[in-house]
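[1] pasted the sequence and its predicted model underneath.
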Amino acid sequence: MARWGMVIDLDRCTGCAACMAACHQENNIATAGPEEARDASRVFQWMRMLKEVSGEGADVRVRFMPQPCFNCDNPPCVRVCPVHATYLSPDGIVGQVYGRCIGCRYCMVACPYGAKVFNWLDPEWPGDLKRRANPDVSLRPRGVVEKCTFCHHRIIRAREAARLSGRELEDGDVTTACAESCPAKAIVFGDLAEAGSRVSRLARGPRAFRLHDDLGTEPKVIYLAEKK
Amino acid sequence: MNERVQLEVPATSLDDSHDEDELLRAVEEHGVGFKVTFTLLGMVILFCWAIFGRQLLRGLGVTGLNQPVSWGFYIVNFVFFIGISHAGTLISAILRLTQAEWRRPITRMAEIITVVVLAIGGLHPVLDLGRPDRMLNIFTSGRLQSPLLWDVCSISAYFMASTVYLFLPMIPDIALLRDRGARPHWFYAFLSWGWQGTPRQHAVLERAIAILMILVIPIAISVHTVISYIFAMTLQPGWHSTIFGPYFVVGAIFSGIAALMVVMIVLRRVFHLERFLKPIHFDHLAKLLLVMSLLWFYFTFCEYITAFFGNEPSEMRVFFYKFSGGFAPYFWGMVACNFLIPVVLLAFRRFRTIPGILFASIAVVIGMWLERLNIVIPSLANPRLPYPTGFYVPSLVEWAIFIGAFASFILGYAIFSRFFPLISVWEIKEGKKHSLAATSERVRGYLPDPLPQKVIGGESS
């Protein structure tokens, strides 16, 4: 069984936010509308861009850190859900059952990374956005929690394609929308269980670290630290 | 040899013909006051529901909740109201269990608070759901591993137990109302369960109350422990603490006693119960409140000093957010209301008067609400990762529910006082009949036994 994971090279990331835009398109993330976005900042993303500003004046330095859901192997959100609406699948993806979620937001509160997002209002689809929605990804109603799925639909599609051509899924067959769109190729997606895959080789490298590893959540998104 | 202390009891106070009339007057001769209160509060509550309708139509986006503060007033009030509910049953159970004779006029009032407030508090998490229409998923696909499910179990058990615990000691009074011809007759006839006051019925009733009062104490403690677990079981800074269970229980009892005294002082005024609720009752409860205030301070101190001394970065962000940051007014307001004001007012006999106690109790109720606010919001407002944080500002809808909840509490109490006596008539009667003898008998049991005659004789020879 695969164990899907992601490596994000912070040395390559330019903070261009192409990953955010691609994720938004790919996963049919609802828009909030101009007023809600401006007045209540009710915009949400599955892929967020964390910013850290240090230094002053001419020495100012901004670091970026793209942050999807870490799909932890020991997910605190799954533990607290009262209705089995979020679960850890055997291939290591933390899923969300939109049809069962009661919207108590306990998982959001329990997630130390704030990776889960909530549909505070009815999703808005200005113009013909709804018609252009990705048919592989279900639209979410108001009042449920949603999250990054590591583009699970792409994994299913690739697996089907591999099966049709009578071969095993290989490294590089599947990639997520964010990884695909990254102009700096900072994001690598793949199977961590496969020792030879690019992602697991990078994850074993000297620059690899996981965010708040001390919490014991076992994130499957591994960052590569910047070179000095 | 055996010196007997004869208690001087003025004859008039043992005569209970007035008590019954006086205590049942609110039920039998309810005036226009009830109707006015009922209409006004009913209008307030309807208005609040109308405002809340916006949330049902548009979703939780009409509240001030957002990322990362995704729990706000609803959860704060949930914890607060369930905390208040410990007033009742727990206090009255402990007072009954310890045979504190001064409990007699207090227990019923405390038990009513519990039932009314549990119903209101228990509704709050439902208001907080994004999909209230799917609420029953909790039962059809519930996960018992989730602390929220523990809450559902424990709060519903507490609601059941405390309702029965309120109802059972009321049966003789309901029968009394039935016999005195209170209307609607069928209502009292049904609820009195065929009570005739036979010795057997009395024995069964006493036994049932005795079982329930013991049962209700662990359930009540479990309720607020489990509510604290909702927070303590997560990894969030400021929440993940081992003393959260007892800390919440102490706070709950603390706020419960304060709410009980506010209710008692108000009702004493409204229903002219000065003869029954005497300064001595308030004095005893005030001392209890003082003890709880000190205990609360001790727990708070332990909770914050460990966080401070550990100096963990994410803990410290939450700590300083409360101590000197955006939440400082609420934090220090909480310390003032929960510790400084009650301790100063209640420790000195000069201030421990009824107005002083009322002031201290109101301060504690406000302070304990602030405490819940201080627990829920700052931890959420300071996430571990550098993500834009926003100050949580509750919206109109949340304020409406807040006001509606308080109005519902008053309305619930008003409706109860319209149909049932607020002070247990039969227990007061029983107190007058048996307590004096029983207490002096009990005290005599504590005193050293007289020396047997034979030994005295042996020593002298």
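    Great, that's in hand.

[2] who in the stretch 151-300 of chain B is up against chain A?
    With the criterion set to Cβ under 8 Å from any Cβ of the partner chain, the stretch 151-300 of chain B comes near chain A through B:Val152, B:Ile230, B:Met233, B:Thr234, B:Leu235, B:Gln236. Any C-beta I mention is one placed from the backbone N, CA and C, and that applies to glycine too.

[3] mind checking the SS state of the closest residue to chain B within chain A?
    Among the residues of chain A, A:Gly103 lies closest to chain B, at 2.0 Å counting by Cβ to the nearest Cβ. Taken by DSSP: H, G, I helix; E, B strand; the rest coil, the conformation at A:Gly103 corresponds to coil.

[4] next one: phi and psi at it?
    Dihedral pair for A:Gly103: phi 70, psi 30, per degrees, to the nearest 10.

[5] my guess is it contacts B:Gly61, does it?
    No - counting by Cβ atoms under 8 Å, A:Gly103 stays clear of B:Gly61, with 11.8 Å between them.

[6] what's near enough to touch residue 176?
    The chain I'm using is chain A. Under the criterion of Cβ atoms under 8 Å, 6 or more residues apart in numbering or on different chains, the contact partners of A:Thr176 comprise A:Met6, A:Cys23, A:Phe150, A:Cys151, A:Arg154, A:Ile187, A:Phe189.

[7] please refer instead to chain B.
    Applying Cβ under 8 Å, 6+ apart, the residues near B:Leu176 are B:Glu20, B:Leu24, B:Val425, B:Trp426.

[8] got the contact list for the residue lying closest to the residue of chain A closest to chain B once chain neighbours are set aside?
    Of all residues beyond its chain neighbours, the one nearest A:Gly103 is B:Gly130 (2.0 Å), with distances taken as Cβ to Cβ, 6 or more residues apart in numbering or on different chains. If you count contacts by Cβ under 8 Å, 6+ apart, B:Gly130 has them with A:101-105, A:118-119, A:142-145, B:59-60.

[9] what's the local residue count around the closest residue to chain A within the stretch 151-300 of chain B?
    Using Cβ to the nearest Cβ, B:Thr234 is the residue of the stretch 151-300 of chain B that sits closest to chain A, at 4.3 Å. The burial count assigned to B:Thr234 is 22, neighbours taken as other Cβ atoms under 10 Å in any protein chain shown.

[10] with the one 4 residues further on instead?
    By other Cβ under 10 Å, the residues close to B:Gly238 number 23.

[11] roughly how far apart are it and B:Val318?
    Relative to B:Val318, B:Gly238 is positioned 4 Å away (Cβ to Cβ, to the nearest Å).

[12] intersection of neighbour lists for these two?
    Counting by Cβ under 8 Å, 6+ apart, the contacts common to B:Gly238 and B:Val318 are B:Ala307, B:Pro378, B:Ser379.

[13] turn the residues you listed into CSV, including neighbour count.
    As requested, these are arranged in CSV below (neighbours: other Cβ atoms under 10 Å in any protein chain shown):
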residue, neighbour count
B:Ala307, 18
B:Pro378, 26
B:Ser379, 26
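
[14] how about JSON lines for those residues, with pLDDT and secondary structure added?
    Formatted as JSON lines, the entries for the shared contacts of B:Gly238 and B:Val318 read as follows, by pLDDT from 0 to 100; DSSP: H, G, I helix; E, B strand; the rest coil:
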{"residue": "B:Ala307", "pLDDT": "88", "secondary structure": "helix"}
{"residue": "B:Pro378", "pLDDT": "90", "secondary structure": "helix"}
{"residue": "B:Ser379", "pLDDT": "90", "secondary structure": "helix"}
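
[15] which of those lies closest to A:Cys72?
    Minimum distance to A:Cys72 across these is 19.8 Å, recorded for B:Ser379 (Cβ to Cβ).

[16] got the contact list for stretch B:411-419?
    Taking Cβ under 8 Å, 6+ apart as the rule, stretch B:411-419 contacts B:26-27, B:30, B:34, B:37-38, B:41-42, B:45, B:112-113, B:116, B:119-120, B:187, B:263, B:267, B:271, B:422.

[17] neighbour count for A:Gly103 and B:Gly61, which is higher?
    Counting neighbours by other Cβ under 10 Å for A:Gly103 and for B:Gly61 shows that A:Gly103 has the greater number, 25 against 22.

[18] contact partners for the more buried one?
    In this structure, A:Gly103 makes contact with A:Phe118, A:Gly143, A:Val144, A:Val145, B:Leu60, B:Leu129, B:Gly130, B:Arg131, B:Arg134, judged by Cβ under 8 Å, 6+ apart.

[19] could you dump stretch B:156-171 to CSV, C-alpha only?
    Listed next in CSV are the C-alpha coordinates belonging to stretch B:156-171 (Å, rounded to 0.1, in the frame of the first residue of the first chain):
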residue,chain,number,x,y,z
SER,B,156,-27.7,13.9,29.1
ALA,B,157,-27.2,11.7,32.2
TYR,B,158,-26.9,14.7,34.4
PHE,B,159,-30.0,16.3,32.9
MET,B,160,-32.0,13.1,33.6
ALA,B,161,-30.6,12.7,37.1
SER,B,162,-31.1,16.3,38.1
THR,B,163,-34.6,16.4,36.7
VAL,B,164,-35.5,13.4,38.7
TYR,B,165,-33.7,14.8,41.7
LEU,B,166,-35.7,18.0,41.4
PHE,B,167,-39.0,16.2,40.9
LEU,B,168,-38.8,13.5,43.6
PRO,B,169,-38.6,15.9,46.6
MET,B,170,-41.3,17.9,45.0
ILE,B,171,-44.0,15.2,45.1
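
[20] ok so, going back, just the buried residues from the contacts of stretch B:411-419, in ChimeraX please.
    Here is the ChimeraX selection string for the buried members of the contacts of stretch B:411-419, based on 16 or more other Cβ atoms under 10 Å in any protein chain shown:
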select /B:26,27,37,41,45,112,113,116,119,120,263,267,271,422
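
[21] so of the contacts of stretch B:411-419, which ones are in helices?
    Among the contacts of stretch B:411-419, the members falling in helices are B:26-27, B:34, B:37-38, B:41-42, B:45, B:112-113, B:116, B:119-120, B:187, B:263, B:267 (criterion: DSSP state H).

[22] circling back to that earlier point, of the residues of the stretch 151-300 of chain B next to chain A, select the buried ones using a PyMOL command.
    When burial is assessed using 16+ other Cβ under 10 Å, the buried subset of those is captured in PyMOL by this command:
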select buried, chain B and resi 152+230+233+234+235+236
